[in-house]
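give me the fold of what follows.
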Amino acid sequence: MKYVVLRDDDTHALTPVNYLEQLYRPFLDRGMSVGLATIPHVDTRITLANGQAELYLRVKNELGEGRIPIGRNKPLVDYLRANPGFEILQHGCHHNFHEFACEDPSVIIEKLEEGNKLLLEAGFEKPTTFVAPHDRFSRVGLHEVAKRFRVISAFWFELRKLSPLWWPNYAFKKFFSMAHWQVGNLKLLTHPGSLVTHTYAYDSILPRIKENIARRKLTVIMTHWWEFYRENRPDDALIDVLHQIANYLATDPNVKMVSFRDIADGKVPLN
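Here you go, the predicted structure:
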């Protein structure tokens, strides 16, 4: 049996409900879990190097500017809570580029606690899983996150950012070319990059997904909701590809969709 967990990044207070509904209804209706890496207190002033707003911020905003807590968007929170197939993962705090690459433990702890507090105040369960903005950690940041979460999902982990106590486990992972690894009860997951993207030929995406699933026991599929609505217009062809993936995952008897909580609870083999 092959296992798959789905992670969609950058849900925040300005994310339109209808976007998530259109994208993930085929998954929810089939009883599949969708992990939403959620920004607890999004900073709407973050820009790209060219001064333009980050793509996940280019949505209609009726909630003001500056930092906006997820709980301020009650329709979004009510929708997510009414659909238990959505699993909330903590995605940083404000989603600043170097947010968890900081070397000051007091700053890291403050952001972790603020983010967790805002998610709980919005009525969500305490997340088991943490996703760092842009996958960037300092050794201090990774250490503090590891004390508070049971799963860390990232693109990669750097040896120099790891505690020396973790090095033997990391060396074992590297030697055997494993996608995922574990330190005590902490699971550290990596993913093969963003495969569901407009930068690939659309007819190549599902074959890439299948190829990656065939190569490992557990595959993390990562998406970004905003990529399907570039310039606030739906990319119907890319959305159709996502729904083809949902159908494949639901109908292949050798593939099982799981949640990040399942992984945290040790119900899913990592490798």
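
any idea how far residue 116 is from the closest residue to residue 36 other than its chain neighbours?
Spatially, and ignoring its direct neighbours in sequence, residue 36 is nearest to residue 11 (4.5 Å; C-beta to C-beta, 6 or more residues apart in numbering). Yep, even glycine has a C-beta here, placed from its N, CA and C like the rest. Remark: distance between residue 11 and residue 116 (C-beta to C-beta, to the nearest Å) = 16 Å.

more neighbours: those two, which one.
Higher neighbour count among residue 11 and residue 116: residue 11, with 25 against 19, using other C-beta atoms under 10 Å.

just give me the neighbour total for residue 65.
Residue 65: 9 surrounding residues under other C-beta under 10 Å.

how about the helices of this structure, start to end?
Here the chain has its helices, by DSSP state H, at 17-29, 74-82, 105-121, 139-146, 167-175, 202-215, 236-251, 260-264.

residue 152: which of the ones you listed is closest?
With C-beta to C-beta as the measure, helix 139-146 is the member of the helices of the chain nearest residue 152 (6.1 Å).

tell me which residues of the closest one are tucked away?
Across helix 139-146, burial judged by 16 or more other C-beta atoms under 10 Å covers 140-146.

what do you get for stretch 227-244?
Within stretch 227-244, the residues that count as buried by 16+ other C-beta under 10 Å are 227-229, 235, 238-239, 241-243.

again with stretch 210-218
Neighbour counts over stretch 210-218 (16+ other C-beta under 10 Å) mark 210, 212-213, 216, 218 as buried.

equivalent analysis for stretch 176-195, please.
By neighbour count with 16+ other C-beta under 10 Å, stretch 176-195 contains the buried residues 179-183, 186-192, 195.

take the residues you listed and write them to JSON lines, including pLDDT and distance to residue 3.
As requested, those are arranged in JSON lines below (pLDDT from 0 to 100; distance: C-beta to C-beta, whole Å):
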{"residue": "179", "pLDDT": "94", "distance to residue 3": "11"}
{"residue": "180", "pLDDT": "97", "distance to residue 3": "11"}
{"residue": "181", "pLDDT": "96", "distance to residue 3": "16"}
{"residue": "182", "pLDDT": "96", "distance to residue 3": "15"}
{"residue": "183", "pLDDT": "97", "distance to residue 3": "20"}
{"residue": "186", "pLDDT": "97", "distance to residue 3": "18"}
{"residue": "187", "pLDDT": "98", "distance to residue 3": "13"}
{"residue": "188", "pLDDT": "98", "distance to residue 3": "16"}
{"residue": "189", "pLDDT": "98", "distance to residue 3": "11"}
{"residue": "190", "pLDDT": "96", "distance to residue 3": "14"}
{"residue": "191", "pLDDT": "95", "distance to residue 3": "13"}
{"residue": "192", "pLDDT": "93", "distance to residue 3": "14"}
{"residue": "195", "pLDDT": "94", "distance to residue 3": "16"}
